[in-house]
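S.K.: when you get a sec, could you give me coordinates for this:
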Amino acid sequence: MPRDESSPTVVVSDERTADDSPESVVDVERWHRLALAVLADCDVEGELTLTFVDRDDIAQLNAEHMGKAGPTDVLSFPMDDEPMTGVPTLLGDIVISPAVAAEQSADHAGTVDDELALLVVHGILHVLGHDHAEPEETVVMRARELDLLERFHWHGPAPAAFRQTHD
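M.R.: Numbers count the residues shown, from 1 in each chain. Model prediction:
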């Protein structure tokens, strides 16, 4: 079936080395489907990349782009340029470290699977302009994350162990 030209495009890749997080399996197709569902629900057209990387790679990106030392779980890079006529809109890039996600999942989202889903949705919302720098923004962003996760990840209510904040 041909792709609808107005539908979003998501390119997902797992760029990790085997020794970074061997216990973390990244189901590229699953995260591709989640990202497409979120973008479609947000009524967004354009192209998004979602890349899973090693802890060292995300630490380097975190230092380069955020001025922070050490690895983080997710980085979002929205495209700030105005769309050009006749060229697909580039929404931005999301980079996730499954190793960091695995480390924090028990004290955060509850499971590695739920942590990765949260990071995918969180990253997309950042690319689309949501933020959590101010308390009011945090409330809106968390509510939107929970809504999207319940509809497109769990297909029902969030598990009791799920938390959106770190301890």
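S.K.: next, find the distance separating the spatially most central residue of the chain from A63.
M.R.: Centroid-nearest residue in the chain, with CA atoms, centre = their mean: V120, separated by 2.2 Å. To A63, V120 is 23 Å away according to CB to CB, to the nearest Å. Quick note: C-beta positions are derived from backbone N, CA and C, even for glycine.
S.K.: repeat that for V25.
M.R.: Separation of V25 from A63 (CB to CB) stands at 28 Å.
S.K.: any regions of this protein where pLDDT drops low?
M.R.: 1-6, 22, 80-88, 167 (pLDDT under 70).
S.K.: how about the helices in it?
M.R.: Residue ranges of the helices in the chain, as given by DSSP state H, are 28-41, 55-61, 98-105, 112-127, 135-149.
S.K.: any chance of CSV for those helices, columns distance to G67?
M.R.: Converted to CSV, the helices of the chain look like this (distance: least, CB to CB, whole Å):
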stretch, distance to G67
helix 28-41, 27
helix 55-61, 11
helix 98-105, 18
helix 112-127, 17
helix 135-149, 21
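S.K.: deepest-packed of those helices, please.
M.R.: helix 112-127 (a mean of 23; mean count of other CB atoms under 10 Å).
S.K.: what residues are up against S21?
M.R.: Taking CB atoms under 8 Å, 6 or more residues apart in numbering, we find S21 in contact with 54-55, 97-99, 102.
S.K.: try it again with 7 Å
M.R.: By CB atoms under 7 Å, 6 or more residues apart in numbering, the contact list for S21 reads 98-99, 102.
S.K.: that one and S105, how far apart?
M.R.: Using CB to CB, we find S21 at a distance of 12 Å from S105.
S.K.: go on, G67?
M.R.: Distance from G67 to S105, by CB to CB: 26 Å.
S.K.: same thing with S76?
M.R.: In terms of CB to CB, S76 sits 19 Å off from S105.
S.K.: now swap in I124 and tell me
M.R.: 19 Å.
S.K.: and D54, by the same measure?
M.R.: Where S105 is concerned, D54 sits at a distance of 17 Å (CB to CB).
S.K.: other residues contacting stretch 104-111?
M.R.: 73, 112, 115, 118, 159, 161-163, 166-167.
S.K.: do that again at 8 Å, thanks
M.R.: 73, 112, 114-115, 117-118, 159, 161-167.
S.K.: alright, that wraps it up for me.
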